[in-house]
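Visitor: generate coordinates for the sequence data below:
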Amino acid sequence: MKKILYCTLLAFTLLSCKPDAYVGPLDSPLGNWDGIGCEYFFNGELVAQADSAFYPAMTFYKEGLCCIEGMKGAFPYGYDPQTKILQIDSVVWAVENLHTEDMTLKLMGRIYPSHPDETVKSEEDGSTEGEEGEGNEGGEQGPQPDSNGIILPVEYKGFVISADENDYFYTDGNGNKIYCTPVGTIGTDGLMVITLWYDTRTDHYGPLIVEVEKK
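Guide: Next up, the predicted model:
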């Protein structure tokens, strides 16, 4: 009788005690992630915060491909759990946190291609050296906007931002070239109204719950 009672109590205990779900750390970002927050930085200064990540959602597949909401196609990715470096296509991230309920990515920069045969953009007008007569026909003209509607150079937080064959950049206090990105909207005149510039950002993601319609 005691043996039967003991077995009954043991079975009841096993049924009532469910193991806690594993939350990490993870050795891979596999799965669906929902952007829940972002901080933008320029020269080490926090310049803006948002309640959504830069990319609204990302999905990592075991085949080594990543799909990003708002961008066409799938991008190859690689993650090293030892160094905690994540590379998606040519963009490199430091993974500050990776659990089933949270993924925090700090943008480290982009791997740019080499341009041995291309000329460098002028800091005065954003054009390339060696372009004959462009911008001078029909009389003298001022600096022209680039393809993003930005007239260079532009000053932000005490730094002068220019562009080279890769991207926008400024030179920090140690003489280092720091690439940066504008955030803004295009006005009716075709020029970008810049809200801020950032050289790094931290994106926060949580698990994306995909709802399946019941038939």
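Visitor: residues of stretch 97-114 that come out buried?
Guide: Asn97, Leu98, Asp102, Met103, Thr104, Leu105, Lys106, Leu107 (16 or more other C-beta atoms under 10 Å). In short, each C-beta sits where N, CA and C put it, glycine included.
Visitor: out of those, the closest to Asp203 would be?
Guide: Leu105 (4.8 Å; C-beta to C-beta).
Visitor: name the helix or strand for the closest one, please.
Guide: strand 102-110 (DSSP states H and E).
Visitor: that strand: what's the following helix or strand?
Guide: Using DSSP H and E, the next helix or strand after strand 102-110 towards the C-terminus is strand 154-156.
Visitor: who's in contact with Pro29?
Guide: Pro29 makes contacts with Phe60, Tyr77, Tyr79, Leu86, Val95, Leu98, Met103, as judged by C-beta atoms under 8 Å, 6 or more residues apart in numbering.
Visitor: so which residues make contact with the strand ranked longest in the chain?
Guide: Taking DSSP state E as the criterion, the chain has its longest strand at strand 31-42. The contact list for strand 31-42, computed with C-beta under 8 Å, 6+ apart, reads 46-60, 103, 156-157, 180, 183, 196-210.
Visitor: hang on, Thr181 in a strand?
Guide: Yes: judged by DSSP: H, G, I helix; E, B strand; the rest coil, Thr181 forms part of a strand.
Visitor: quick one: contacts for the nearest residue to it once chain neighbours are set aside?
Guide: Spatial nearest neighbour of Thr181, chain neighbours left out: Tyr198 (5.8 Å); criterion: C-beta to C-beta, 6 or more residues apart in numbering. Tyr198 sits next to Tyr40, Phe41, Phe42, Val47, Ala48, Cys180, Thr181, Val183 when contact means C-beta under 8 Å, 6+ apart.
Visitor: sorry, back to before: for the buried residues of stretch 97-114, work out which two are farthest apart.
Guide: Asp102 and Leu107 (17.1 Å).
Visitor: hmm, back to that, for ChimeraX, write a command that selects the buried ones of the contacts of Tyr198.
Guide: Buried residues among those (16+ other C-beta under 10 Å), as a ChimeraX selection:
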select :40,41,42,47,180,181,183
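Visitor: out of the contacts of Tyr198, flag the one nearest to Pro25.
Guide: Phe41 (24.7 Å).
Visitor: if I look at the closest one, how far off is Phe54?
Guide: Applying C-beta to C-beta, to the nearest Å, the value for Phe41 to Phe54 is 13 Å.
Visitor: quick check: neighbours shared by these two?
Guide: The contact lists of Phe41 and Phe54 share Arg201, where a contact means C-beta under 8 Å, 6+ apart.
Visitor: for the protein, which spans come out with low pLDDT?
Guide: When residues are selected by pLDDT under 70, those of the chain lie in 1-19, 115-140, 210-215.
Visitor: which of the contacts of Pro29 fall in strands?
Guide: Under the assignment DSSP E, the contacts of Pro29 contribute Phe60, Tyr77, Tyr79, Leu86, Val95, Leu98, Met103 to strands.
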